[in-house]
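Asker: Pasting the sequence and the predicted coordinates here, then a few questions.
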Amino acid sequence: MIPVNEPLLGEKDIAYVNECLQTGWISSAGRFINEFEDRWAAYCGKRYGIAVSNGTTALQVAVACLGLKPGDEVIMPTFTIISCALAVTCNGGIPVLVDCDPRNWCMDVSQIETKISPRTRAIMPVHIYGHPVDMDPVCRLAKKYGLAIIEDAAEVHGAEYLSGRDAQGSAWRRCGSFGTLSCFSFYANKLITTGEGGMVLTDDEALAEKVRSLRNLCFQPQRRFYHETLGFNFRLTNMQAALGVAQLERIAQIVERKRWMGHEYNRRLDGISELQLPYEESWAKSVYWMYGVVLSEDTGMDAVGFALRLKERGIETRPFFLGMHEQPVFHKQGLFHNEHYPVAERIARQGLYLPSGLSLTEEQLTKVCDAVREVLR
Ligand SMILES: Cc1ncc(COP(=O)(O)O)c(C=O)c1O
């Protein structure tokens, strides 16, 4: 079976983790934590990095920093992972949804303004499957209405967005550089992986301090076991950070490999009329985190049927996200009843992603493409 993802670890990863084991720095103190935080923040174009236990907890602490009052709203795409919505609900807020763009599958930024209300506190753009959200309109709206941006960059390590394309002086900027608070996951299927892991980036010193405190049970520096606020234990270990540092040393190669994989899939699957392939906008440099395809209904097949047939041919796949408005858990909370987002609904049923891990060989990629063609013949 060709797996949908397999991490690719190298000599450096092993050497740095060994250093932790040999020196005894195995918990959440040690040189790799600070190094990982500083280097990741610098790579993404932010001042402060605060490493946390995973991408979900990164979103939870980032939203906690907003100090939402019950009923305050955060606008986000329906087409995303549940972590985004739960980060808002567990902080007492209400997720307000928009549909996604039919071409790049990221949030449809033209729908945001109609969803802004007096209760809106933030916008949460989520870059999807390696492709950036159109960030200029998001930033303009955030400025116009005084909203924070919680940028979810879990799936776009190293992806770039051409900011200011409508004006003179446009510039490529890395995803994760736009948020008031930007959140990352370093789960095993991400470009940079620490097994489990996450990070929050910000330019704001006070917010950085707040995230640091929340991640570490809100211990006070002067009086350790005295608490004025409740926090969490969302710490990352030095051993995990060691993996992050090792991989950051080769991030350019990792990004290049993923872009090669995306373009190679595009080239080989081009012309199959039953498939919609990932679209790279002129203002985006996607990292093709996961190579998604959307199957035409004309095949008489949905993504479940397609996945089954690919599995029979030794190809593992994953279905696309199911929109937040279709989640029973939120219906039980009285959210999103009778809301419909046709683009997200369609791609949730017809979309899946193909093997996309860094250890995928060219030979395996060829086999995947052959299997896809065979199923659709
Ligand atoms: C967009 C997005 N946000 C958040 C997360 C959550 O990250 P984690 O699995 O590290 O909790 C993921 C995980 O894949 C994700 O894709």
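Answerer: Looks like it arrived, so ask away. Residues are numbered from 1 along each chain as shown.

Asker: And the pLDDT for Leu335?
Answerer: On the pLDDT scale, Leu335 is placed at 98.

Asker: From Lys12, how far off is it?
Answerer: Applying CB to CB, to the nearest Å, the value for Leu335 to Lys12 is 45 Å. In short, each C-beta sits where N, CA and C put it, glycine included.

Asker: Also Phe32?
Answerer: In terms of CB to CB, Phe32 sits 12 Å off from Lys12.

Asker: Which of Leu335 and Lys12 has more residues huddled nearby?
Answerer: Of the pair Leu335 and Lys12, Leu335 is the one with more neighbours under other CB atoms under 10 Å, namely 18 against 15.

Asker: Look at Tyr279 and tell me its secondary structure.
Answerer: coil (DSSP: H, G, I helix; E, B strand; the rest coil).

Asker: That one is in contact with Asn104, isn't it?
Answerer: Yes: between Tyr279 and Asn104 a contact is recorded at 5.5 Å, counting by CB atoms under 8 Å.

Asker: Can you mark which positions in stretch 362-371 are buried?
Answerer: Gln364, Leu365, Lys367, Val368, Cys369, Ala371 (16 or more other CB atoms under 10 Å).

Asker: Give the closest residue to Gly262 in space, chain neighbours not counted.
Answerer: Leaving aside its chain neighbours, Gly262 sits nearest to Tyr288 (2.9 Å; criterion: CB to CB, 6 or more residues apart in numbering).

Asker: Neighbours of that neighbour, how many?
Answerer: Tyr288: 28 neighbours (other CB under 10 Å).

Asker: from memory it sits against Gly130, does it?
Answerer: Yes: using CB under 8 Å, Tyr288 is in contact with Gly130, at 4.5 Å.

Asker: quick one: common contacting residues for those two?
Answerer: Residues touching both Tyr288 and Gly130 (CB atoms under 8 Å, 6 or more residues apart in numbering) are Lys258, Gly262, Pro278.

Asker: Now do the same contact list for Ala171.
Answerer: Leu162, Ser163, Gly164.

Asker: And the residues you listed, which of them are buried?
Answerer: Of the members of the contacts of Ala171, the ones counted as buried by neighbours, 16+ other CB under 10 Å, are Leu162, Ser163.

Asker: In JSON lines, list the contacts of Ala171 along with pLDDT.
Answerer: Below are the contacts of Ala171 laid out as JSON lines (pLDDT from 0 to 100):
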{"residue": "Leu162", "pLDDT": "98"}
{"residue": "Ser163", "pLDDT": "97"}
{"residue": "Gly164", "pLDDT": "96"}
